[in-house]
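*Asks:* Structure of the sequence below:
(one chain, ligands or ions: 2)
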Amino acid sequence: MAKAPATVYVCQNCGKQVSKWLGKCPDCGEWQSFVEERVRPSAGAAKGVAARGGFRLREVKPVRFGEIESQDDSRIPSGIDEFDRVLGGGIVPGSLILIGGDPGIGKSTLLLQVADRLSRQSGRVLYVSGEESERQIKMRGERLGVEAANLYLLPETNLENILNEVERDEPGAIIVDSIQTVFSSQIESAPGSVSQVREVASQFLMLAKNRTIPVFLIGHVTKEGSIAGPKALEHIVDTVLYFEGERHHNHRIVRATKNRFGAANELGVFEMTGEGLVAVANPSEMFLHGRPENVAGSVVSACMEGTRPMLVEVQALASDSSLNNPARTAQGFDRNRLALLLAVLAKRVGVEGLLKSDVFLNVVGGFEVDEPAADLGVVAAIVSSYRNRVVDPKTAVFGEVGLTGEVRGAMQAQARAREAQALGFEKIIMPASNTSGLERLLGVRTVGVRSVEEALDELF
Ligand code: TYD
Ligand code: MG
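*Replies:* Ligands and ions are numbered 1, 2, ... in the order given. Next up is the predicted model:
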């Protein structure tokens, strides 16, 4: 006799399971996140799992480390350089990749482009869509110039049916658009619930590993900015890519926040055009495009994004405040870090009036910088605005600012300097400790500074 399905309450934020409803999750602290779900932990399900993933229970033995084949040379290029870069140099066969982002940002577009390129070289590609009909996908494909003869569309949301299809078709790569629409009939909760999404993801993980093919899962981001039942998925998959961008900008950034096969924080930059997403070859140039020159409060900072140097414009506006608590806002930069830098400027550099000023900070282009080496650019922009003094537009800066007002070294100084040189900058103000190992660059003067004061003297 079949066991009655057990009722559990699952936190839709972190996946915590409890037997009684709670108002607040004891694990992640989220309120009102528990939803009743029914699971049937039947023996049949467990057996089914093995069969469905195209996976046979086989005997496993330990393997000598040295005898394991290295995988790196087997990476498949996706045909889109920026995408390969984010993945750490191409697609690793057998990997499960989650691509998250807001609705309408371009996930389906990018993956259809990837599917097209992949199908030209790694055989059949199966595009499973639970969101759009074949006709809709076809229309999009025509816009993108997709002509792949080896690309197969499957409008299906039932996991078991999808796995059967895979068994029959043996595709060389699978794209699932989106994971929230797929459900397993072994689980009674609604599609998109944490139990479903987790089950579906782990089935695809098994499938990817057993068939050694890449599987891409598209996932929508919920309002808090995390993928459906957020952390519930991130630990299952090998790689997590996030699509970032703003509606009123055409550029899109794809960022790896987790990658078992490469560096996290790697990023790729695309532009959304009438013919789909086009890789941006020189992101610095794009981010600096249209920059106001000879205006106080604008400074170019040489940042690193993953392994790639990127020049970004930092803008600040500092003005006398009539408020008791002056306004402090920061776009694309950590607000607490801004407060710290303002304190350093007031206490160590003697720009005390800043504490009574409203300060607005913006990293241009909807870009987020979260590395300490951006400090000096922020400090320079604030002081430039506050003193109403222009920073030479051919000067770039970078360096971490410490609590005593010292300028500390940054990693990858060489790469930053080269990027600045490539974009026609003539002077770079940087940590003194970084200048020694630096190779001489044509047409660029590198000025090492030890403190914020020295940097400001050099700038103004
Ligand atoms: P889509 O890939 O459907 O987003 P997601 O799958 O993340 O929800 O992208 C939809 C947006 O992209 C839509 O606003 C139209 C725009 N778009 C273009 O600008 N050019 C194109 O070639 C395509 C296919 C879409
Ligand atoms: Mg879509």
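
*Asks:* So for Phe360, what's the nearest residue that isn't a sequence neighbour?
*Replies:* Spatial nearest neighbour of Phe360, chain neighbours left out: Leu317 (4.5 Å); criterion: CB to CB, 6 or more residues apart in numbering. Using the backbone N, CA and C atoms, a C-beta is placed for each residue, glycine as well.

*Asks:* what's that neighbour sitting at in phi/psi?
*Replies:* phi -130, psi 120 (degrees, to the nearest 10).

*Asks:* Let's test this: mean pLDDT of the longest helix anywhere in the chain, rounded?
*Replies:* Secondary structure of the chain per DSSP state H: the longest helix is helix 194-211. Averaging pLDDT along helix 194-211 gives 92.

*Asks:* mind listing what's buried in that helix?
*Replies:* 194-209, 211 (16 or more other CB atoms under 10 Å).

*Asks:* and after it, which helix or strand comes next?
*Replies:* Downstream of helix 194-211, the next assigned helix or strand under DSSP states H and E is strand 215-220.

*Asks:* Alpha carbons only: can I get that next one in PDB?
*Replies:* The C-alpha trace of strand 215-220 is given here as PDB (Å, rounded to 0.1, in the frame of the first residue of the first chain):
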ATOM      1  CA  VAL A 215      23.200  21.300 -19.200                       C
ATOM      2  CA  PHE A 216      22.100  25.000 -18.900                       C
ATOM      3  CA  LEU A 217      19.300  25.900 -16.500                       C
ATOM      4  CA  ILE A 218      17.700  29.300 -16.900                       C
ATOM      5  CA  GLY A 219      16.300  30.600 -13.700                       C
ATOM      6  CA  HIS A 220      14.300  33.700 -12.800                       C
END
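
*Asks:* how far away is Lys107 from ligand 1?
*Replies:* 3 Å (CB to the nearest ligand atom, to the nearest Å).

*Asks:* Wait, that residue touches Asp177, no?
*Replies:* Yes. Lys107 lies in contact with Asp177 (CB atoms under 8 Å); the separation is 7.5 Å.

*Asks:* Next, count neighbours for Glu305.
*Replies:* Using other CB atoms under 10 Å, Glu305 has 21 neighbouring residues.

*Asks:* give me the beta-bridge partners of it?
*Replies:* With DSSP bridges as the criterion, Glu305 is bridged to Arg308.

*Asks:* How about the stretch 151-300 of the chain: which residue is closest to ligand 1?
*Replies:* When scored by CB to the nearest ligand atom, the stretch 151-300 of the chain has Gly276 as its residue closest to ligand 1, at 4.0 Å.

*Asks:* you'd agree that residue is up against Gly141?
*Replies:* No. With contact defined as CB under 8 Å, Gly276 does not reach Gly141; the gap is 9.5 Å.

*Asks:* Spit out the residues that contact those two alike.
*Replies:* Leu112 (CB atoms under 8 Å, 6 or more residues apart in numbering).

*Asks:* Setting aside sequence neighbours, what's the nearest residue to Arg337?
*Replies:* Arg337's closest residue in space is Asp375 (CB to CB, 6+ apart), at 7.4 Å.

*Asks:* How about the secondary structure of that neighbour?
*Replies:* With DSSP: H, G, I helix; E, B strand; the rest coil as the basis, Asp375 sits in helix.

*Asks:* likewise Leu311?
*Replies:* Secondary structure of Leu311, per three-state DSSP, is strand.

*Asks:* Can you get me a residue count around it?
*Replies:* 24.

*Asks:* just the helices in the stretch 301-450 of the chain please.
*Replies:* 335-347, 375-387, 413-422, 432-435 (DSSP state H, counting those that start in this stretch).

*Asks:* okay if I get these as a markdown table plus mean neighbour count and mean pLDDT?
*Replies:* As requested, the helices of the stretch 301-450 of the chain are arranged in a markdown table below (neighbours: other CB atoms under 10 Å; pLDDT from 0 to 100):
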| stretch | mean neighbour count | mean pLDDT |
| --- | --- | --- |
| helix 335-347 | 17 | 95 |
| helix 375-387 | 26 | 96 |
| helix 413-422 | 20 | 90 |
| helix 432-435 | 18 | 91 |
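
*Asks:* So which of those is nearest Gly90?
*Replies:* For Gly90, the closest of the helices of the stretch 301-450 of the chain is helix 413-422, at 21.7 Å, according to CB to CB.

*Asks:* Tell me where the model's unsure across the protein.
*Replies:* 1-5, 39-59, 71-73, 222-231, 247 (pLDDT under 70).

*Asks:* Quick one: name the residues of it near ligand 1.
*Replies:* Residues of the chain found near ligand 1 (CB under 6 Å from any ligand atom) are 101, 103-109, 140, 143-144, 272, 274-276.

*Asks:* mind running it again at 5 Å?
*Replies:* Within the chain, the positions near ligand 1 by CB under 5 Å from any ligand atom are 103-109, 140, 143, 272, 276.

*Asks:* Give me the buried subset of the residues you listed.
*Replies:* For these, a burial check counting by 16+ other CB under 10 Å picks out 105-109, 140, 272, 276.

*Asks:* Now the two most distant members of those.
*Replies:* Based on CB to CB, the longest span within these runs between Ile105 and Arg140 and measures 14.3 Å.

*Asks:* Tell me the bridge partners for the residue of the stretch 151-300 of the chain closest to ligand 1.
*Replies:* Here Gly276, judged by DSSP bridges, has bridge partners Thr273.

*Asks:* residues contacting it?
*Replies:* Residues near Gly276 by CB under 8 Å, 6+ apart: 109-110, 112-113, 143-145.

*Asks:* Which pair in those residues has the greatest spatial separation?
*Replies:* Maximum distance among the contacts of Gly276 (CB to CB): 14.2 Å, for Leu110 and Gly145.

*Asks:* Show me which of those two is the more surrounded one.
*Replies:* Leu110 (28 against 10).

*Asks:* elements contacting the longest helix of the chain?
*Replies:* strand 6-11, strand 34-39, helix 43-52, strand 96-101, helix 159-169, strand 173-177, strand 215-220, helix 231-234 (3 or more CB pairs under 8 Å, 6 or more residues apart in numbering; DSSP states H and E).

*Asks:* Now render these as TSV, adding mean neighbour count.
*Replies:* Shown next, in TSV, are these (neighbours: other CB atoms under 10 Å):
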stretch	mean neighbour count
strand 6-11	18
strand 34-39	17
helix 43-52	14
strand 96-101	25
helix 159-169	17
strand 173-177	27
strand 215-220	27
helix 231-234	20
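
*Asks:* which secondary structure element contains the nearest residue to His251 once chain neighbours are set aside?
*Replies:* In space, and not counting its chain neighbours, His251 is closest to Glu271: 5.3 Å by CB to CB, 6+ apart. Element membership of Glu271, judged by DSSP H and E, is strand 267-273.

*Asks:* Run the chain-centre distance for the longest helix of the chain.
*Replies:* 22 Å (CA atoms, centre = their mean, to the nearest Å).
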